[in-house]
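Asks: Need a 3D model of the sequence below.
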Amino acid sequence: MTINNVSHLPFVELIDQINSNIVGQQHVTKSMIIALLTGGHILLEGLPGTAKTRAVKTLADALNLAFSRVQFTPDLLPSDITGTQIYQHEERKLSFQPGPIFSSIVLADEINRSPAKVQAALLEAMAEGTVTVAGESKSLPQPFMVLATQNPIEQEGTYPLPEAQMDRFIMKVSVDYPSAEAEMDIIRLVREEDKAGEEQTLPQDRDQKFPQWHERYSIDTLLEAREAVKNVYVSDVIDRYLVDIVIATRCPERYKHSELANWIEVGVSPRASIALDRCSRAHAYISGRDFVSPDDVRAIAPFILGHRLTLSFDAIADGVSPDKVVDELLLQVPLG
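Replies: Numbers count the residues shown, from 1 in each chain. Here you go, the predicted model:
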């Protein structure tokens with residue numbers, strides 16, 4: 001059965017609109033929308049120049065949401081993100097100056113370039129939607145989403161995210177180089193933007209840039225969609241399928257005709273089960289259905305499980321990727 005009303009259509013159209021500005025990265029766009037509908041956060045991993053920042057900025061512009069970009073560097077301080085108390089000389093008192101975290105869409109660019117103390121400044125915000133400064137808890141705006149980026153090949157001078165922080169991201173999405181055809185489309189798109197003077201467009205000109213979007217994609221529309229996602233039906237069979245996939249990462253030795261036991265050192269946490277459930281419902285919603293199918297689970301499983309798995313030394317030595325492990329999981333775990 002499909003959704004009877006057209007509440008999902010604005011987000012289907014939003015995906016198409018963003019894809020017209022971001023060439024060759026359709027899976028990134030869909031993942032961002034799914035995370036937005038579930039209230040989750042995303043880690044985007046890819047080489048420089050693969051439109052990660054552009055994708056996030058286009059999403060914020062389309063939804064007319066407050067956007068902040070934080071460039072993570074080794075000398076960054078936690079207060080540079082959360083904000084700090086500033087003494088007001090005229091009033092002779094301390095007042096709080098909000099940091100860039102107080103935006104609806106926050107781009108944490110190259111998050112692995114700052115030490116753990118700075119990375120940890122995001123934990124409370126991502127998990128609780130609050131920031132504590134000088135013992136006082138302050139609520140972040142709603143909606144609120146962190147999209148962090150990191151370069152997969154640069155290791156010198158970086159601080160790999162600990163498992164606890166990786167687990168906070170509902171999805172990790174790999175952003176690969178575009179195909180030859182997509183590369184040609186990128187050249188043509190940028191050429192047209194140069195002709196139209198798009199690069200000179202100021203941030204406050206977003207209403208002229210996306211005039212027809214803002215009425216259609218209001219915060220109320222987003223909140224209604226989030227409620228609709230919560231009501232997408234999940235059968236007992238799908239519940240069992242979700243749990244079986246997660247348990248397979250913790251007990252891979254059950255699958256004796258597979259390499260899973262040799263590849264997986266530590267399985268995923270219960271957050272993976274919750275993320276699979278939420279994102280499967282969001283995927284079904286934007287597909288126009290009011291129920292979750294096995295294909296919804298399989299479509300989002302690589303983005304949910306890959307970064308939560310701890311691979312064995314043998315798997316790493318043999319060049320086995322997390323995506324390959326997830327593919328094997330989906331091949332081995334039966335439905336029902």
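Asks: Surely residue 140 and residue 105 touch.
Replies: No - with contacts defined as C-beta atoms under 8 Å, residue 140 does not count as touching residue 105, sitting 11.5 Å away. No exception for glycine: its C-beta is placed from N, CA and C like everyone else's.
Asks: Show me the beta-bridge partners of the residue nearest the centre of the chain.
Replies: The residue lying closest to the centre of the chain (C-alpha atoms, centre = their mean) is residue 42, at 1.9 Å. Per DSSP bridges, the residues bridged to residue 42 are residue 147, residue 171.
Asks: and it, what is it in contact with?
Replies: For residue 42, the contacting residues are 31, 32, 35, 145, 146, 147, 148, 169, 170, 171, 172, 173, by C-beta atoms under 8 Å, 6 or more residues apart in numbering.
Asks: Can you say which two of those residues are spatially most distant?
Replies: Maximum pairwise distance in the contacts of residue 42, criterion C-beta to C-beta, is 14.6 Å, between 145 and 172.
Asks: Assumed residue 55 was part of a helix.
Replies: Yes - under DSSP: H, G, I helix; E, B strand; the rest coil, residue 55 falls within a helix.
Asks: Need the nearest residue in space to residue 225, chain neighbours excluded.
Replies: residue 37 (5.8 Å; C-beta to C-beta, 6 or more residues apart in numbering).
Asks: which other helices and strands contact the strand or helix carrying that neighbour?
Replies: Residue 37 belongs to helix 26-38 when assigned by DSSP states H and E. Counting contacts by 3 or more C-beta pairs under 8 Å, 6 or more residues apart in numbering; DSSP states H and E, helix 26-38 packs against helix 9-21, strand 42-46, helix 52-63, strand 145-150, strand 171-175, helix 219-230, helix 270-286.
Asks: starting at the chain centroid, how far to that helix?
Replies: Counting by C-alpha atoms, centre = their mean, to the nearest Å, helix 26-38 is centred 7 Å from the centre of its parent chain.
Asks: cool, and stretch 110-117?
Replies: Between the centre of stretch 110-117 and the centre of its chain there are 17 Å (C-alpha atoms, centre = their mean).
Asks: Contacts for that stretch next, please.
Replies: Contacts of stretch 110-117 (C-beta under 8 Å, 6+ apart): 43, 71-74, 76, 78, 119, 122, 148-151, 157-162.
Asks: Low-confidence regions, the stretch 51-200 of the chain specifically.
Replies: By pLDDT under 70, the weakly predicted segments of the stretch 51-200 of the chain are 154-157, 198-200.
Asks: So which residues of it form helices?
Replies: 52-63, 78-82, 116-119, 121-128, 163-166, 180-196 (DSSP state H, counting those that start in this stretch).
Asks: closest one to residue 256 among those helices?
Replies: helix 163-166 (27.8 Å).
Asks: export that closest one as PDB, just CAs?
Replies: The C-alpha coordinates for helix 163-166 follow below in PDB (Å, rounded to 0.1, in the frame of the first residue of the first chain):
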ATOM      1  CA  GLU A 163      34.100   4.600  18.400                       C
ATOM      2  CA  ALA A 164      31.700   6.400  20.700                       C
ATOM      3  CA  GLN A 165      31.600   9.500  18.500                       C
ATOM      4  CA  MET A 166      31.300   7.400  15.300                       C
END
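Asks: So which elements touch that helix?
Replies: So helix 163-166, by 3+ C-beta pairs under 8 Å, 6+ apart, packs with helix 121-128.
Asks: For the helix it packs on, which outside residues touch it?
Replies: Under C-beta under 8 Å, 6+ apart, the answer for helix 121-128 is 41, 78, 81-82, 101, 108, 111, 130-132, 140, 144, 146, 148, 164-165, 168-169.
Asks: one more time with 10 Å, if that's ok
Replies: 40-41, 70, 72, 76-82, 99, 101-102, 106, 108, 111, 114, 130-132, 137-140, 144-146, 148, 164-165, 167-170 (C-beta atoms under 10 Å, 6 or more residues apart in numbering).
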